[in-house]
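In: What follows is a protein structure lacking sequence information:
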């Protein structure tokens, strides 16, 4: 998008065992905010095209800096979290969120990979700062 700045994201845990802690993302952060998957199907004679909508969680994906975070404790909890896009002026709220995936720690660069943060569509909102 022309005329916008992106890049700095502050991830803060607002509730649960790590309330008040800031997590450090390593590399790109991706968000799937729609809360559904759209499928398509065409009839054999190509006369009809139907779409289907399947509910799915809102998903935030990134690698984290392992740091001093107790990942086992976070993995067992539900929590509220904000993702603040500092330069873009947006805050993403995920309430009753949870970590899913299989964590893998790198001894080379200190990254915790393989984890996603998920919540339901009603527990996600975005607003301008």
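Out: Nice, thanks for sending it over. Keep in mind that what you see is a predicted model, and the values were worked out from it rather than measured.

In: give me the element the residue of the chain most remote from its centre is part of.
Out: Computed with Cα atoms, centre = their mean, the residue of the chain farthest from its C-alpha average is residue 45, at 40.2 Å. Assessed by DSSP states H and E, residue 45 sits outside every helix and strand.

In: tell me the pLDDT at it?
Out: Looking at residue 45, its pLDDT reads 93.

In: who touches it in this structure?
Out: Counting by Cβ atoms under 8 Å, 6 or more residues apart in numbering, residue 45 touches no other residue. The way it works is simple: take the backbone N, C-alpha and C, and place the C-beta from them, glycine included.

In: Backbone dihedrals for it, please?
Out: phi -90, psi 10 (degrees, to the nearest 10).

In: One more: the one 3 residues further on?
Out: Dihedral angles phi and psi of residue 48 (degrees, to the nearest 10) take the values phi -130, psi 140.

In: That one and residue 42 touch, don't they?
Out: Yes. Judged on Cβ atoms under 8 Å, residue 48 makes contact with residue 42 at a distance of 7.0 Å.

In: Run through the helices of the protein in chain order.
Out: In the chain, the segments counted as helices under DSSP state H are 71-75.

In: Which strand in it has the most residues?
Out: The longest strand of the chain (DSSP state E) is strand 90-105.

In: Look up how far residue 50 lies from residue 103.
Out: Relative to residue 50, residue 103 is positioned 39 Å away (criterion: Cβ to Cβ, to the nearest Å).

In: out of the two, which sits in the more crowded spot?
Out: Set residue 103 next to residue 50 and count neighbours by other Cβ atoms under 10 Å: residue 103 wins out with 15 against 9.

In: Mind pulling the model confidence for the closest residue to residue 6 other than its chain neighbours?
Out: Setting aside the residues directly before and after it, residue 6 is nearest to residue 88 in space (Cβ to Cβ, 6 or more residues apart in numbering), at 5.4 Å. Here, the pLDDT recorded for residue 88 equals 89.

In: No more questions from me, cheers.
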